[in-house]
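Undergrad: Need coordinates for the below:
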Amino acid sequence: MNVVVLLKQTFDTEEKIVVSNGAVSEDGVKFVINPYDEYAVEEAIRLKEESGANSVTVLSVGPARTAEALRTALAMGADEAVLIEDDRIPQDEYAVSVVLAAYLKQQSADVILGGNFSVDTGGSQVAVRLAETLGIPHVSSITKLTVSGGSASAERDAEGDLERVDVQLPAVFTAQQGLNEPRYPSLPGIMKAKKKPFKQLTLDDVGVSAGDLEAKTARQSLSLPPSRQAGQILSGDLASQAAKLVELLRTQSKAI
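TA: Reported below is the predicted structural model:
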């Protein structure tokens, strides 16, 4: 059984977002593995440790800096990493899914894991588009995964309820918080990661032309939310405070 993890590098969730000239500034920003993808990496490593998976490959489409996140995944215990980097790839989840599908069609992947969504865009499109292109099952937001032979059983979060889905492999699964507790890279793991296979590919290597990657979405604008105004303290008796509150909800917040 071969396991592939779709990995994206995102802003550290503790970073302050600065918008400059209609784009998020990356100056001095710390980047990390997308938090939901960490669950996917951990689950893949556990499948190898507990179910005897042959290999765990972490796969990403992104800029050169993504190599740092991939090496962290190698230090956690993944066996090899693949980075597809090409300036001709639009920042669009459809385009990314096309590139990933082109690469995976040339591989033998039984279980494909990814995060439920990325904390930067929150689109949740890549995995489901990938599964559709490959013609294989997709189960989102999983909190438990059991693999046996050529099939898998997953429990998923269904808007506060629990749903069990049984599928035949190969299949795509996206991880939700609660699936596991991701491990920290150990010092020996970090040292071993330096010697593990790391492939860097372009569109030409995966057989995709720039003409196949017309973006399906476009950002019209980007801005920070308006600054919060200072709160107000209402005075007077309870009746007058209630009347004033109703007036403010109607005239200022337009809540009623």
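Undergrad: Tell me where the stretch 51-200 of the chain has strands.
TA: 55-61, 80-84, 111-115, 138-148, 151-158, 161-168, 171-175, 198-201 (DSSP state E, counting those that start in this stretch).
Undergrad: Give the pairing partners of the longest one; include direction for each.
TA: Here strand 138-148 is paired, per DSSP bridges, with strand 151-158 (antiparallel), strand 171-175 (parallel).
Undergrad: Can you give the contact residues for that strand?
TA: If you take C-beta atoms under 8 Å, 6 or more residues apart in numbering as the criterion, strand 138-148 is touched by 1, 43, 47, 51, 111, 116, 124, 127-128, 130-132, 152-158, 162, 165, 167, 169, 171-176, 178-179. C-betas here are computed from N, CA, C, even on glycine.
Undergrad: how many other residues sit next to the nearest residue to residue 129 once chain neighbours are set aside?
TA: Leaving aside its chain neighbours, residue 129 sits nearest to residue 97 (3.7 Å; criterion: C-beta to C-beta, 6 or more residues apart in numbering). Per other C-beta atoms under 10 Å, the neighbour tally for residue 97 reads 23.
Undergrad: that older thread, adding distance to residue 144, write the strands paired with strand 138-148 out as TSV.
TA: Output for those, formatted as TSV (distance: least, C-beta to C-beta, whole Å):
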stretch	distance to residue 144
strand 151-158	4
strand 171-175	10
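Undergrad: what residues are up against residue 17?
TA: Per C-beta under 8 Å, 6+ apart, neighbours of residue 17: 11, 24, 224.
Undergrad: what's the pLDDT at it?
TA: Looking at residue 17, its pLDDT reads 80.
Undergrad: repeat for residue 145
TA: Looking at residue 145, the pLDDT reads 96.
Undergrad: contacts for the helix or strand of the chain with the lowest mean pLDDT?
TA: Each helix and strand of the chain was given a mean pLDDT (mean pLDDT, DSSP states H and E); the minimum falls on strand 23-24 at a mean of 78. Strand 23-24 has contacts (C-beta under 8 Å, 6+ apart) with 11, 17, 18, 222.
Undergrad: Would you mind checking which of those residues is nearest to residue 105?
TA: Distances from residue 105 to the contacts of strand 23-24, taken as C-beta to C-beta, are shortest for residue 11 (31.1 Å).
Undergrad: Contacts only, for the closest one.
TA: So residue 11 contacts 17, 24, 29, 30, 31, 32, 119, 120 (C-beta under 8 Å, 6+ apart).
Undergrad: Please indicate which of those residues are buried?
TA: 31, 32, 119 (16 or more other C-beta atoms under 10 Å).
Undergrad: which residue sits closest to the first one, ignoring its sequence neighbours?
TA: By the measure of C-beta to C-beta, 6+ apart, the closest residue to residue 31 outside its immediate chain neighbours is residue 9, 5.0 Å from it.
Undergrad: Then residue 245?
TA: Residue 245 sits nearest to residue 234 (C-beta to C-beta, 6+ apart), 6.4 Å away.
Undergrad: and residue 151, what are its bridge partners?
TA: residue 148, residue 168.
Undergrad: Let me know how buried residue 142 is, in neighbour terms.
TA: For residue 142, using other C-beta under 10 Å, the count is 25.
Undergrad: same question but for residue 70, I mixed them up
TA: 26.
Undergrad: how far away is the residue nearest to it when sequence neighbours are not counted from residue 75?
TA: Once flanking residues are discounted, residue 70 sits nearest to residue 81: 4.0 Å by C-beta to C-beta, 6+ apart. Distance of residue 81 to residue 75, given as C-beta to C-beta, to the nearest Å: 11 Å.
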